[in-house]
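Trainee: the following block contains a protein sequence and its predicted model.
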Amino acid sequence: MLPLPSFEFDDKILMQGAEISRKLDQLRQEKFPPDAKKKLRLFAMAEVAHYLGVSPNNLKRLHLEGKGPEPQIASGGRRFYTAAQMAELRDYLDKNGRSDAKKYVPWRKPGEKLQVIAVVNFKGGSGKTTTTAHLAQHLALTGHRVLMVDLDPQASLSALHGFQPELDRNPSLYDTIRYDGARKPISDVILPTNFPLLDIIPANLELQEYEYDTPLAMQGSGEGRRFFTRFGAALADVDDRYDVVLIDCPPQLGYLTLTALTAATSVLITVHPQMLDLMSMSQFLLMLGNIVKTIRKAGAEVKMDWLRYLITRYEPTDVPQAQMLGFMHSMLAGEILKSPMLKSTAISDAGLTKQTLYEVERSNFNRDTYDRAIECMDAVNFEVQGLIHQAWGRL
């Protein structure tokens, strides 16, 4: 047998990367014609009522009385609203409800600080991006002004929202926190998404430069030694535009993650209930704690409103997973979210078309499978939303 021929590794992987990128763009063009930009489906009246916190009969009455935005009427008299109309309905209810009724627009009030939530884990595949995307979209659907920040150079969160960094040439947070004269204001790197009230700072491979630039900057200027202040200082410029900032951190404990954590007001750690994942998380927590102690001595203020662990890809019928969850509860009971993120084919199937559960049409799935998945997702997200409101001092 002849020996395998050798090849130039760099040329081969560059060629394969370019081909994959081309095919992905082709799929994007086919899925989101004519401009390859993501659109958003209509929402049934029952969904709209659910996210507004009112009854469907209340919305039906408003429509019959000619109040609020005009829905689209489908066969059988079913009413559908766009996400923008959902926001209009929220404003209408807020302005025209009884004075003693609850407020429907949950924007921050004076004295309520911007909530910055870092979604972290040392291990890839723990569900960070899925969690960040669904939580951000849920918060937008429930009326919050949300900014997502993709800090992972692999840009999965960006791709899920229709951005392909190597082709779109989008900016990233690196443009705002870099150390040279090419730095831009954070407002210049924020882009809209297909969800009203939801913006994104996409990622690209340039983010990785921050990991190399920071050690060099630390050897010189005081600016480098206080790298951990850069993100928080940038966010101050858009503080009045948002209620919540969600950061999808890279699966490594580098300068990007530390910069995010020192800007954060809360931390959400995703963990898959398996022994190897728990061992990895243990090492992550020990390393993180020691590093944070060091930068706190250098002047970083790392104080959090809350820390929670989210169990992801959980299969209740899997006995070892259930045992591992019990083991985790014995140590972290008060800080594990009550609602786990169940493993669901609906989530993975939606991802095949670069969509989330909030974007896909229910009719494209087995209804029981979809309903279980969205019920689980909402339970997680409403629980986190409750923590955000609690941090603001709301009941």
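Mentor: Yep, it's here.
Trainee: which residue ranges of the chain form strands?
Mentor: 43-44, 72-73, 79-81, 115-120, 146-150, 191-192, 198-201, 244-248, 266-271, 306-311 (DSSP state E).
Trainee: CA atoms of the last one as CSV?
Mentor: Extracted as CSV, the C-alpha positions of strand 306-311 are listed here (Å, rounded to 0.1, in the frame of the first residue of the first chain):
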residue,chain,number,x,y,z
TRP,A,306,-27.3,37.3,41.5
LEU,A,307,-25.6,34.1,40.3
ARG,A,308,-27.6,31.2,39.0
TYR,A,309,-26.8,27.8,37.4
LEU,A,310,-29.0,26.7,34.5
ILE,A,311,-29.3,23.0,33.8
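Trainee: tell me the domain boundaries of the protein?
Mentor: Split into domains by automatic domain parsing, the chain comes to 43-96, 115-391.
Trainee: okay, the strands of the chain in TSV with distance to Ala236 and mean pLDDT next?
Mentor: Yep, even glycine has a C-beta here, placed from its N, CA and C like the rest. Shown next, in TSV, are the strands of the chain (distance: least, C-beta to C-beta, whole Å; pLDDT from 0 to 100):
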stretch	distance to Ala236	mean pLDDT
strand 43-44	34	94
strand 72-73	41	92
strand 79-81	35	93
strand 115-120	11	96
strand 146-150	13	98
strand 191-192	20	96
strand 198-201	15	98
strand 244-248	12	97
strand 266-271	18	92
strand 306-311	22	92
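Trainee: is it possible to get TSV of the ones you listed that adds distance to Asp25 and mean neighbour count?
Mentor: Supplementary listing: the strands of the chain in TSV, determined by distance: least, C-beta to C-beta, whole Å; neighbours: other C-beta atoms under 10 Å:
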stretch	distance to Asp25	mean neighbour count
strand 43-44	29	19
strand 72-73	32	11
strand 79-81	31	20
strand 115-120	27	26
strand 146-150	18	28
strand 191-192	18	13
strand 198-201	19	24
strand 244-248	22	27
strand 266-271	29	23
strand 306-311	33	19
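Trainee: and the domains of the chain: which comes nearest Lys109?
Mentor: Closest of the domains of the chain to Lys109 is domain 115-391, at 10.0 Å (criterion: C-beta to C-beta).
Trainee: start and end of that closest one, how far apart?
Mentor: 8 Å (C-alpha to C-alpha, to the nearest Å).
Trainee: still on that earlier bit, of the strands of the chain, which is nearest Gln29?
Mentor: strand 191-192 (19.1 Å).
Trainee: just checking, what packs against that closest one?
Mentor: For strand 191-192, the elements it packs on are strand 198-201, judged by 3 or more C-beta pairs under 8 Å, 6 or more residues apart in numbering; DSSP states H and E.
Trainee: starting at the chain centroid, how far to the strand it packs on?
Mentor: 9 Å (C-alpha atoms, centre = their mean, to the nearest Å).
Trainee: who does that strand pair up with?
Mentor: Strand 198-201 pairs in its sheet with strand 146-150 (parallel), strand 191-192 (antiparallel), by DSSP bridges.
Trainee: reformat those as CSV; add distance to Ala118.
Mentor: Shown next, in CSV, are the strands paired with strand 198-201 (distance: least, C-beta to C-beta, whole Å):
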stretch, distance to Ala118
strand 146-150, 9
strand 191-192, 21
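Trainee: now the helices for the stretch 51-200 of the chain?
Mentor: 56-64, 83-96, 128-141, 156-160, 165-168, 174-177 (DSSP state H, counting those that start in this stretch).
Trainee: could you list the alpha-carbon positions for the fourth one in PDB?
Mentor: Output for helix 156-160, consisting of C-alpha atoms alone and laid out as PDB, is shown next (Å, rounded to 0.1, in the frame of the first residue of the first chain):
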ATOM      1  CA  SER A 156     -22.600  31.500  16.700                       C
ATOM      2  CA  LEU A 157     -25.000  34.000  18.300                       C
ATOM      3  CA  SER A 158     -24.400  36.400  15.400                       C
ATOM      4  CA  ALA A 159     -25.000  33.600  12.900                       C
ATOM      5  CA  LEU A 160     -28.300  32.700  14.600                       C
END
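Trainee: right, I'll call it a day here.
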